[in-house]
Each structure stands twice: as C-alpha cells, then as structure tokens.
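**Student:** the amino acid sequence is not available; the structure is as follows:
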C-alpha cells in the first residue's frame, strides 16, 4: 500500500474529504470531496484544489488550504490518514509564499527603436514651440515605455510583462490555536474515537473502524452527508486499515477565522489519492500541486504535457502573452488527463537569498511576518492553566506580556480584550492570552525544512484540469529523469501578429520631423543648393567701394615708382 494512498488516506489535500453542506452557491478551494445535503439544490461545486505535498524518507506532510463561503456551522472536512498521522495548524502565508516563488511570469519583447529626430526649425517662435512640444511628447513616451522605444506624439510599443494570477497574500491574523473547548464526539460498536481536540478554530477528531466498514455511517450520523457514489470509496480506504480525521468549525467561529491545516504522517509515499476529489466537483476540477522534496518530480501514471515555450509570443492588443493558450492546449492532451509542470526550482527554506535573482521560499514567507508588530492573542491550548486553575488566572508565554511598550501589542487594550473574548472558555472560564512578536508562530518553514537536506530542497509546481472521470485513479508521483531546473520566468522576442512593427510610431514621427526640417530649410536655399541673396543691395556697399578704389590706384602707384627710377 503506497503511502499516498496512505497519505490521502493520510490526508492529502486532494484526499481531504471536505464536506461542504451549503444551501446556496459555495466557494471552496482544496477541500477534498465536497458533500452536499439533500436540500442543497443549488449545486455547490468545488472548482479548484490547492495542495502542498512534501515527500522525505522520514515523513510525508500534506498542507491543505480551504476557502469556504457559506454558513460556518455547516463546514466539515474529512481526511483518510494512516495510523500515527497528526493534524496541525498552518498559515495562509505558507501557500502564498510557494505561489510567489513559483508563479509563471512572461517578459514581453524589448525593442530598440531609432532615436527621435530633433527638429531644426529656423522659422521663428511658432516652429520653435512646435519642436519643443514634440520633444516633450517624445520624452514622456520614452519614459513610460521602459523598453528603449519612445512613441512621441502618437505613442509606441512599450515592453511589458505579465504574471500568472496568484493566490493573494491571504494573511492570517488569528494567532490563537484553541480555547480549551473539548469537542464531544462519541464512538459506537463499529467506530473507535482515537483522539479529539480543539485546534485553532476547529474541532478535530480521529476515528478508526473496528472492522471493514462503518466510517460512512458514523459520518452520516454526525452530520456529514455522504453521496452514495463516495461511500464505496470510503469503505475501500477503510479496508486498507486507514484512520480518518474529521474537522469542523467550532461554535461561534466565522469563515474568516479558518486556517490551513497540515497532516504529518510517518514514512514516505508518492501516491496522491484522487478518488476522494470526485465528491462535489463538476465536469472538471482544477488541481494545483506543489511537491517539495530533494529533486524534481512529475506524474508517472498521468501524461506529462510539456509546453512549447518557443511558441511564446506577445499580444500587443491584449497586453499579455499567449501563455494561457499554450497551457490550455497542453492540458487538453491525453484526453484532458495531462499535467503540466509550471516550475521546478531549487529554493532555500532556511537562508535568505535577497539579490540573488532566484526565487526563494524563505524570503517570500518571512517578508510576510517580519514587520508585524507585537500583538496580544489567545493562548495555545498547551498554554492553558491546569484544570484546577482559578477563573481569574491569566497565563502568558511572553515575559513582556501585560506591559505596554513602544511597539504596541501588549499595551493594546482592544487587542487584549479581543484576545480574552476569543481565548476564554465559552461558559465564562479562564481567559488565557499571550504576546507574540513578528514571526512568532510562523513555523511552516521550520516544519518543511526539518527533514530536508540543506541546500538540496526543490519545489515543483504541477497543474491539471481533470475531467471527473480521471479522478477514479490515484496519482503516482516520481522523480524525473531530467533533474534540471525549470524556471517560472520566461521571455519572448516575438509578437502574435508577425506584421506588427513596434517602432512604427516613432518611425512615422521621425519622418514627419524630417519632412518639416526639409521644408523649413528650403526657405533659405535654392533648388540647386546655391545660397540665395536675401540681404539689401546697400548692405556692405562701403566695402565694395574701398576695394574698387584700391584696384584703380594700383596702376597709378606703379607709374610713379617707375618715374622715380
């Protein structure tokens, strides 16, 4: 049994069995199978899954980001996991960092157009003013173009770039991870409660079947609506002796408080169960998968679809490249079952690489928290007072807690009041708060790096747009034979319109200026190039008289000299 089988079974996001019981249209990302109650006639559909899957010899970690719109009371999430798997709280910033480090960008053509021709008007203030205006327009266009191609007086092509849509920062503001409330799930003859606890805004329970069935029935009896087509899939995972982690929002929690979760499972496997994803999707489902490991990964039992980047061209009218068209064509191959590799890069999880020009997960993650001020938040569940503690007890895990300082945070009365409201027991129990600073609680990098070899960490970004029929097969991942990096940054020197001349505008302007210069010059020169006399006749007359008298005097002076001899 492969681990991923065991993983989604171990909790792979794609395997995450998210149960979205909604009464209207819902928006859920990476929630695994999305189950709907019978009354949900609106046809809620999962359109996209975002998963992070780290494979090492010591452990396999699955991160899953869930976005949910609807009644928080109806949100629930179920993941098949191998025995020994545990669930932990993560942050939106983690997937945002991976997205930023691997997002596809395209740089359009950089064109060097001829320099602007300078007007040489001699015809007075009107022509001079026109020249000044034209020069100013050219300067402005050149400045905005940024590609060495000004378009003065009519615009010109400006080099540009595009970036694939990102996930957004999605910053998490809630640093608390529990309020001490213990969910009250109960087992039965067929299902054993392995563990249950509060984790962040969620109630979590791990269940295990005593036989070969019973999980679907237990989920149904606890408010999870299981489609008839998915019950056999759950039973199949049960036959593999997998546990299940069920997750739902605690009372009085809104969807804004939802946090990503990670499932840590001992051992390694390269199988990503896709069968659970079929629940709640439409005709197709988009899948984005980041694979973290010590090399470049690809899909083994699904077609690889290489993109012909040599066909990349820039569409001037649309202001973007034809990248999406090339990707769509690649994804459509293999009966729509193909996966594309958007990026595969070496990236540091422990060291900053600012200025290196290389994508770096460390920097993308840490820059989201380094400037955060101190803040008062609810205590972690492990920091709560003992059971016999007094209601007025307040526990802090920071030596500065409770004292105001110039950074704010501890002295923020509103934050402290909010923390007390969120961190105290719902029935007026113990309020537990703590002060956190900057990147306190941002531990995804540490978790991701602990089992990787420093300096040999890879992030591979894969994407597919699969028809629902392709979800009947689990995804097998494997190392590629080509272990070279694939950069997410691309550049093209071509245009989608081969007749487009990026310098047409400046060429037209230069021609107009040259024509104006020539017309202006013709006022001072003849058609044969000889200089025309425009000065008055008496201009310089004295000079000509002096020359004439000098010439006339020469013979007279010569005769007098001969007579003297």
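**Tutor:** Good, I have the coordinates. The model shown is predicted, which means the values in this text are computed figures rather than measured ones.
**Student:** next, count neighbours for residue 346.
**Tutor:** 16 (other C-beta atoms under 10 Å). No exception for glycine: its C-beta is placed from N, CA and C like everyone else's.
**Student:** ok, it touching residue 458?
**Tutor:** Yes - using C-beta atoms under 8 Å, residue 346 is in contact with residue 458, at 5.8 Å.
**Student:** which regions of the stretch 201-350 of the chain sit below the pLDDT cut-off?
**Tutor:** 254-257, 279-281 (pLDDT under 70).
**Student:** show me the strands in it, by range?
**Tutor:** For the stretch 201-350 of the chain, the strands defined by DSSP state E, counting those that start in this stretch cover 202-209, 243-249, 261-266, 271-272, 281-293, 297-299, 314-315, 320-321, 339-346.
**Student:** direction included, what does the third one pair up with?
**Tutor:** As defined by DSSP bridges, the strand partners of strand 261-266 come to strand 59-64 (antiparallel), strand 86-89 (antiparallel).
**Student:** next secondary structure after the first one?
**Tutor:** It refers to strand 59-64. strand 75-81 (DSSP states H and E).
**Student:** relative to strand 59-64, how tilted is that following strand?
**Tutor:** Here the directions of strand 75-81 and strand 59-64 differ by 160 degrees (axes from the mean of the first three to the mean of the last three C-alpha atoms, to 10 degrees).
**Student:** still on that earlier bit, closest to residue 500 out of the strands of the stretch 201-350 of the chain?
**Tutor:** strand 314-315 (9.0 Å; C-beta to C-beta).
**Student:** from the rest of the structure, what touches the closest one?
**Tutor:** 106, 108, 109, 160, 320, 321, 322, 492, 494, 495, 496, 497 (C-beta atoms under 8 Å, 6 or more residues apart in numbering).
**Student:** from residue 315, how far out is residue 462?
**Tutor:** Using C-beta to C-beta, to the nearest Å, residue 462 is found at 26 Å from residue 315.
**Student:** looking at the two, which is more packed in?
**Tutor:** residue 462 (25 against 17).
**Student:** who are the neighbours in contact with that one?
**Tutor:** Neighbours of residue 462 in contact, by C-beta under 8 Å, 6+ apart: 287, 288, 289, 290, 291, 297, 298, 299, 339, 340, 341, 342.
**Student:** check residue 493 too.
**Tutor:** 109, 110.
**Student:** tell me how far it lies from residue 318.
**Tutor:** In terms of C-beta to C-beta, residue 493 sits 18 Å off from residue 318.
**Student:** which residues in the stretch 51-200 of the chain form strands?
**Tutor:** Going by DSSP E, counting those that start in this stretch, the stretch 51-200 of the chain shows strands at 59-64, 75-81, 86-89, 105-107, 161-163, 191-199.
**Student:** pick the most buried one from these.
**Tutor:** Ranked by mean neighbour count, those are led by strand 75-81 with a mean of 28 (mean count of other C-beta atoms under 10 Å).
**Student:** and the angle from it to strand 202-209?
**Tutor:** Here strand 75-81 points in a direction 40 degrees away from that of strand 202-209 (the same axes, to 10 degrees).
**Student:** strand 75-81: partners in the sheet, and parallel or antiparallel?
**Tutor:** In the sheet, strand 75-81 lines up with strand 17-20 (antiparallel), strand 243-249 (antiparallel) (DSSP bridges).
**Student:** which residues sit against the last one?
**Tutor:** Identification of contacts with strand 243-249 by C-beta under 8 Å, 6+ apart yields 11, 17, 72-73, 75-83, 85, 87, 185, 194, 201-208, 215, 219, 222, 224, 234, 237, 255, 257-258, 261, 263.
**Student:** relative to strand 191-199, how tilted is that strand?
**Tutor:** Using the same axes, to 10 degrees: strand 243-249 against strand 191-199 is 40 degrees.
**Student:** in strand 243-249, which residues are buried?
**Tutor:** Using 16 or more other C-beta atoms under 10 Å as the test for burial, strand 243-249 gives 243, 244, 245, 246, 247, 248, 249.
**Student:** on the three-state scheme, residue 442 is what?
**Tutor:** coil (DSSP: H, G, I helix; E, B strand; the rest coil).
**Student:** residues touching it, list them.
**Tutor:** Counted by C-beta under 8 Å, 6+ apart, residue 442 has contacts 91, 93, 365, 366, 368, 369.
**Student:** could you turn the buried ones of these into a ChimeraX selection?
**Tutor:** Selecting only the buried entries of the contacts of residue 442 in ChimeraX, with 16+ other C-beta under 10 Å as the criterion:
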select :91,93,365,366,368,369
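**Student:** which of the contacts of residue 442 fall within helices?
**Tutor:** Per DSSP state H, helices hold the following members of these: 93, 365, 366.
**Student:** ok, of these, which one's closest to residue 306?
**Tutor:** Out of those, the member with the shortest distance to residue 306 (by C-beta to C-beta) is residue 365, at 29.6 Å.
**Student:** my guess is that closest one contacts residue 444, does it?
**Tutor:** Yes - if you go by C-beta under 8 Å, residue 365 and residue 444 touch, sitting 6.9 Å apart.
**Student:** so what sits against both of the two?
**Tutor:** With C-beta under 8 Å, 6+ apart as the test, residue 365 and residue 444 both reach 93, 94.
**Student:** show me where the protein has helices.
**Tutor:** Using DSSP H, helices in the chain cover 3-8, 92-102, 125-145, 215-221, 231-239, 323-331, 361-366, 413-423, 444-449, 504-521, 541-564.
**Student:** distance of residue 334 from residue 478?
**Tutor:** From residue 334 to residue 478 the distance is 17 Å (C-beta to C-beta).
**Student:** comparing those two, which shows the higher neighbour count?
**Tutor:** residue 334 (15 against 12).
**Student:** so what's that one up against?
**Tutor:** So residue 334 contacts 302, 303, 305 (C-beta under 8 Å, 6+ apart).
**Student:** that older thread, as a markdown table, the buried residues of strand 243-249 with distance to residue 488 would be great.
**Tutor:** Converted to a markdown table, the buried residues of strand 243-249 look like this (distance: C-beta to C-beta, whole Å):
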| residue | distance to residue 488 |
| --- | --- |
| 243 | 37 |
| 244 | 36 |
| 245 | 33 |
| 246 | 36 |
| 247 | 32 |
| 248 | 36 |
| 249 | 35 |
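**Student:** pull out the buried members of the contacts of strand 314-315.
**Tutor:** 106, 108, 109, 160, 320, 321, 322, 492, 494, 495, 496.
**Student:** residues in contact with the last one?
**Tutor:** What that stands for is residue 496. Residue 496 touches 313, 314, 315, 316, 322, counting by C-beta under 8 Å, 6+ apart.
**Student:** nearest to residue 117 among the residues you listed?
**Tutor:** For the contacts of residue 496, the nearest to residue 117 is residue 316 (24.0 Å; C-beta to C-beta).
**Student:** okay, now that closest one: neighbour count?
**Tutor:** Using other C-beta under 10 Å: residue 316 sits among 17 other residues.
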